[in-house]
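Novice: missing the sequence, but the structure's below:
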Ligand SMILES: [Zn+2]
């Protein structure tokens with residue numbers, strides 16, 4: 001089985017994901033998507049939009065600003081409560097999240113009573129038994145501090161309290177603050193949804209596990225506005241749809257787990273929350289998405305803080321209501337990491353170990369690659385260029401050109417980036433317009449007419 005290290009190494013080697021600011025030694029918790037990673041991510045986003053947004057007449061996609069009026073974050077509770085419990089090792093000064101340390105030492109689940117607000121006073125006692133994972137000293141931790149995870153900045157030239165702003169820690173609020181605009185511009189029937197794909201930022205105390213816990217990340221999410229009476233029915237519908245989505249990403253059912261978040265651990269306004277977890281290499285099961293029933297908490301809150309009426313007026317003339325909300329959330333980077341890890345495969349071809357990405361064709365960053373058998377034969381190159389141009393026109397998605405090194409090496413390179421088919425132009429092509437099409441998973445090569453390629457590579 002592949003380890004996270006294998007995934008990170010392939011991602012870098014083949015241009016999927018690089019360390020952020022790498023030539024300066026990096027910046028913890030940031031990663032840059034390379035050309036193939038960008039394509040794969042784009043494919044996931046496009047599929048998501050097709051799946052949840054484009055096909056529906058009741059979905060409105062927006063793209064709201066990352067910087068928002070700081071009053072938004074006061075209304076949402078993020079200024080006061082969006083924090084993690086931070087401790088520092090008194091010996092080596094490494095900073096840790098107390099809940100992560102307790103959990104890693106299997107203390108949290110047993111010892112913490114969910115009735116107590118986290119972190120509870122008991123935590124100090126529990127931490128005395130724990131070793132610093134950096135220097136190994138036992139129990140030498142500073143007093144626990146609540147550390148706000150929002151990145152703070154200033155808007156305009158003056159740095160004072162009035163100008164303070166935050167990089168958004170979630171995308172949801174941009175949808176709540178535009179709810180009224182959507183009502184006024186589009187007069188949607190209830191239920192309807194507002195969808196958004198975009199970046200969010202959290203100043204994680206200890207970013208780790210590659211793309212899993214990072215400081216800058218992307219979310220695909222929608223807020224689905226409903227009358228209160230149908231929340232259970234809609235919750236169930238989205239729960240099923242989320243499972244179908246993971247299936248659409250080719251993630252096996254056995255690697256997806258649903259965790260019902262217990263009442264005492266949920267946000268106080270949520271009546272039901274499910275976490276979706278994926279079985280990541282090295283990491284085990286961890287979150288890739290969530291489904292929350294947020295009641296009318298958000299709109300009511302914004303109505304109170306902004307003084308604007310957030311009620312929905314039903315078209316049949318019945319009494320105005322504040323809609324309730326169901327929120328399906330997908331961590332894009334985590335979905336990406338799940339897809340990449342799941343596709344990572346190893347086998348043996350002609351007595352040699354082969355690494356390949358078994359990506360489904362609709363997600364593969366490159367749909368097909370075209371090679372001239374030899375790059376120093378102008379007539380082969382010319383014919384191959386012709387085929388390349390033709391496929392580029394006919395196939396939706398990237399068709400790559402490769403004439404570097406011998407054919408075996410080119411196959412291996414394409415295997416490693418998950419290209420489903422390689423098309424080779426050889427001397428026989430010049431005589432009868434046939435090419436070989438090689439299948440990534442079976443490594444089998446079939447000879448066919450040029451015009452037949454499109455039936456195989458879609
Ligand atoms: Zn230490």
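Specialist: That came through, no problem. These numbers were taken from a predicted model, which means no experiment stands behind them.
Novice: interface residues of this structure facing the ion?
Specialist: Residues of the chain lying close to the ion (CB under 5 Å from the ion) are 89, 91, 92, 94, 132, 134, 135. Every residue, glycine included, has its C-beta placed from N, CA and C.
Novice: which of those residues count as buried?
Specialist: Among the residues of the chain next to the ion, those classed as buried by neighbour count (16 or more other CB atoms under 10 Å) are 89, 132.
Novice: Present the residues of the chain next to the ion as JSON lines; the columns should include pLDDT and distance to residue 451.
Specialist: Formatted as JSON lines, the residues of the chain next to the ion follow (pLDDT from 0 to 100; distance: CB to CB, whole Å):
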{"residue": "89", "pLDDT": "93", "distance to residue 451": "67"}
{"residue": "91", "pLDDT": "93", "distance to residue 451": "71"}
{"residue": "92", "pLDDT": "93", "distance to residue 451": "67"}
{"residue": "94", "pLDDT": "91", "distance to residue 451": "63"}
{"residue": "132", "pLDDT": "93", "distance to residue 451": "66"}
{"residue": "134", "pLDDT": "92", "distance to residue 451": "62"}
{"residue": "135", "pLDDT": "94", "distance to residue 451": "67"}
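Novice: With distance to residue 292 added, can I get the residues of the chain next to the ion in JSON lines?
Specialist: Formatted as JSON lines, these follow (distance: CB to CB, whole Å):
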{"residue": "89", "distance to residue 292": "35"}
{"residue": "91", "distance to residue 292": "40"}
{"residue": "92", "distance to residue 292": "38"}
{"residue": "94", "distance to residue 292": "33"}
{"residue": "132", "distance to residue 292": "35"}
{"residue": "134", "distance to residue 292": "35"}
{"residue": "135", "distance to residue 292": "39"}
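Novice: Restricted to strands, list the residues of the chain next to the ion.
Specialist: Among the residues of the chain next to the ion, none falls in strands (DSSP state E).
Novice: Got phi/psi on residue 265?
Specialist: When quoted as degrees, to the nearest 10, the phi and psi of residue 265 stand at phi -100, psi -10.
Novice: mind checking pLDDT for it?
Specialist: In this model, residue 265 is scored at 76, pLDDT.
Novice: mind checking how far it is from residue 293?
Specialist: For residue 265, the distance to residue 293 equals 15 Å [CB to CB, to the nearest Å].
Novice: Could you tell me how many residues sit around residue 172?
Specialist: Counted with other CB atoms under 10 Å, residues neighbouring residue 172 total 23.
Novice: all helices in the stretch 251-400 of the chain, in order from the N-terminus.
Specialist: Ranges of helices within the stretch 251-400 of the chain are 297-306, 332-343, 378-394, based on DSSP state H, counting those that start in this stretch.
Novice: Now do the contacts for the residue nearest the centre of the chain.
Specialist: Centroid-nearest residue in the chain, with CA atoms, centre = their mean: residue 332, separated by 1.5 Å. Contacts for residue 332 were tallied using CB atoms under 8 Å, 6 or more residues apart in numbering; they are 41, 44, 45, 197, 217, 218, 219, 220.
Novice: where are the low-confidence patches of this protein?
Specialist: For the chain, the stretches with pLDDT under 70 are 107-120.
Novice: ok, the residue in the stretch 201-350 of the chain that the ion sits nearest to - how many residues close by?
Specialist: For the stretch 201-350 of the chain, the residue closest to the ion is residue 206, as judged by CB to the ion, at 12.7 Å. Neighbour count of residue 206, defined by other CB under 10 Å: 16.
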